[in-house]
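# model this:
(2 chains)
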Amino acid sequence: NAGVTQTPKFQVLKTGQSMTLQCAQDMNHNSMYWYRQDPGMGLRLIYYSASEGTTDKGEVPNGYNVSRLNKREFSLRLESAAPSQTSVYFCASSQPGQGAREQYFGPGTRLTVT
Amino acid sequence: AQKITQTQPGMFVQEKEAVTLDCTYDTSDQSYGLFWYKQPSSGEMIFLIYQGSYDEQNATEGRYSLNFQKARKSANLVISASQLGDSAMYFCAMREGLRGSNYKLTFGKGTLLTVNP
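Model (predicted):
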């Protein structure tokens, strides 16, 4: 049981290049999320998918697109990377319902844009 | 206004002592949930404890307890008997709304805890 997996772990891009960050979960969760973490800023939500077939913008969506490929997979795409997108990216998943429904996080992808 | 405020960028504690990490929140919802996560230097996010807005008792999980003061909108994390392995960044987070499929979390900026031997 791997939980939430992310690929790649590290990536260096040049300004203007594109790439896709992959995320998969094996917990049969309905909801999935992408966050970015910058120094001193905590985690900020980029996009989320409440259920398969739906996606919505979070707090900082500009410069990103997402695809909920199926229930397991949720990818984040940078079409034209910018230095301001240098960050650590976390994918998370959760199961909606009442009570403590914590989000389970992947290990993160450290992205540097030069 | 920030939804989650952690006013302590850094805290120091002696091993085996207790420490309180502060968190205040801002919401107009009656139903919400509060979470604490730990992020060690290795980078992963580890869930520690949860408190629902309707829970009458403070949440406890082993050495972690959440001091929930609803009227003051505070949800402080108390770590008892600190260990060297508790040195990490700690994030407070809030989920607004308890029902439905939207479970977005809003995070504070974190508190870096250092446990001294």
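# in which helix or strand would I find the residue nearest the centre of chain A?
The residue lying closest to the centre of chain A (CA atoms, centre = their mean) is residue A:34, at 2.6 Å. Using DSSP states H and E, residue A:34 sits in strand A:31-38.
# Spell out which parts of chain A neighbour chain B.
By CB under 8 Å from any CB of the partner chain, the residues of chain A that approach chain B are A:30-31, A:33, A:35, A:40-45, A:48, A:50-51, A:58, A:88, A:90, A:92, A:94, A:96, A:98-105, A:107-108. Yep, even glycine has a C-beta here, placed from its N, CA and C like the rest.
# Buried only: go through these for me.
A:30-31, A:33, A:35, A:42-45, A:48, A:50, A:58, A:88, A:90, A:92, A:94, A:101-105, A:107-108 (16 or more other CB atoms under 10 Å in any protein chain shown).
# Take the residues you listed and keep only those in strands.
Cross-referencing these against strands under DSSP state E gives A:31, A:33, A:35, A:42-45, A:48, A:88, A:90, A:92, A:94, A:104-105.
# With respect to residue A:112, which of these is nearest?
residue A:88 (10.1 Å; CB to CB).
# which residues does that closest one bridge with?
residue A:37, residue A:110 (DSSP bridges).
# same question, residue B:61
Beta-bridge partners of residue B:61, as defined by DSSP bridges: residue B:64.
# doesn't residue B:47 make contact with it?
No: Residue B:61 is beyond contact range of residue B:47, at 9.4 Å (criterion: CB atoms under 8 Å).
# So for those two, which sits in the more crowded spot?
residue B:47 (16 against 12; other CB atoms under 10 Å in any protein chain shown).
# pLDDT value on that one, please?
Here, the pLDDT recorded for residue B:47 equals 92.
# Find the nearest non-adjacent residue to it, please.
With sequence-adjacent residues excluded and distances taken as CB to CB, 6 or more residues apart in numbering or on different chains, residue B:47 is closest to residue A:102, at 4.3 Å.
# Likewise for residue A:101?
Nearest to residue A:101 is residue A:94, by CB to CB, 6+ apart, at 5.3 Å.
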